[in-house]
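> Sequence below, structure please.
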Amino acid sequence: MQDDWLLIQQVHDGNREAYAHLVEKYKDKLYSFLYRMTGQSQDAQDLTQEVFLKAYCSLDKYKPTDAFLAWLYRIASNLCVDAWRKNKRYSSAPLEETLLIEPQTPERVYLKKENQDVLQAHIMALGEDYRAAFLLKYMEQLSYKEIGDILQLPITTVQMRIHHAKRKLRTGLAQEMSGGAAIYEMLQS
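Take a look at the predicted model:
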């Protein structure tokens, strides 16, 4: 966080290259989050650029007490909600393959991909608020407090949204798969 603040100070002093370092440092995490929020590579790329542009234009509003990445996630989450409100619905089509496939049998690779697609389809079916909280918790590994700061919500609301998201996923996946334990296996991978 200290390094980020020093880079931001350099940006304020007119050093644009310092901002390029911040972009390079956080672009992959931000893109991954936005990709999981939208389900579309092009939308995630566009939103990632928009987040960094908006952050650059609003650097004077950044508080050094906040983690810079958390601030970026907040901007990203707000942009997703704005796009959602403008009726730009994101597709619930399966995500393109984002992980390198480990050498396995073709059958195992296919089943794992199918499970990931099923889980992603159910995640995409969650409401925007539930999806954001769920992804920040389980994909970005953030604490409830960090998620609350990003989404500007009380911790209890964050916990409630994550609980409801997990319940909706569990219900949806239990209907689609044989046995209710499949969700736990998929959430672990």
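
> so who does the spatially most central residue of the chain touch?
Nearest to the geometric centre of the chain sits Phe33, at 2.5 Å (Cα atoms, centre = their mean). Phe33 is in contact with 73, 76, 135-136, 139-140, counting by Cβ atoms under 8 Å, 6 or more residues apart in numbering. Bear in mind the C-beta positions are built from the backbone N, C-alpha and C, glycine included.

> which two in these are spaced the farthest apart?
Put simply, by Cβ to Cβ the two of the contacts of Phe33 set farthest apart are Ala76 and Met139, 12.8 Å from each other.

> Retrieve the pLDDT associated with Asn100.
Actually, residue 100 is Leu. It isn't Asn. We have a pLDDT of 43 for Leu100.

> same deal with the one 4 residues further on?
According to the predicted model, the pLDDT of Gln104 comes to 58.

> Now do the same for Lys63: helix, strand or coil?
coil (DSSP: H, G, I helix; E, B strand; the rest coil).

> Could you pull out the helices in the chain for me?
2-12, 16-38, 41-57, 68-85, 106-125, 128-138, 144-151, 155-176, 182-188 (DSSP state H).

> Could you identify which of the ones you listed is most buried?
Among the helices of the chain, helix 128-138 has the highest mean neighbour count (mean count of other Cβ atoms under 10 Å), at a mean of 22.

> Now it - C-alpha only, CSV.
The C-alpha coordinates for helix 128-138 follow below in CSV (Å, rounded to 0.1, in the frame of the first residue of the first chain):
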residue,chain,number,x,y,z
GLU,A,128,-25.4,-8.3,-9.8
ASP,A,129,-25.1,-7.4,-6.1
TYR,A,130,-24.9,-11.1,-5.0
ARG,A,131,-22.4,-11.9,-7.8
ALA,A,132,-20.1,-9.1,-6.9
ALA,A,133,-20.0,-10.0,-3.2
PHE,A,134,-19.6,-13.7,-4.0
LEU,A,135,-16.8,-13.2,-6.6
LEU,A,136,-14.9,-10.8,-4.3
LYS,A,137,-15.0,-13.4,-1.5
TYR,A,138,-14.3,-16.6,-3.3
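
> contacts for that helix?
33, 36-37, 73, 77, 80-81, 84, 123-124, 126, 142, 144, 146-147, 150-151, 158, 161-162, 164-166, 168-169, 187.

> Likewise for stretch 153-170?
With Cβ under 8 Å, 6+ apart, stretch 153-170 has contacts from 119, 122-123, 125-126, 129-131, 133-134, 137, 144-145, 147-148, 151, 180, 183.
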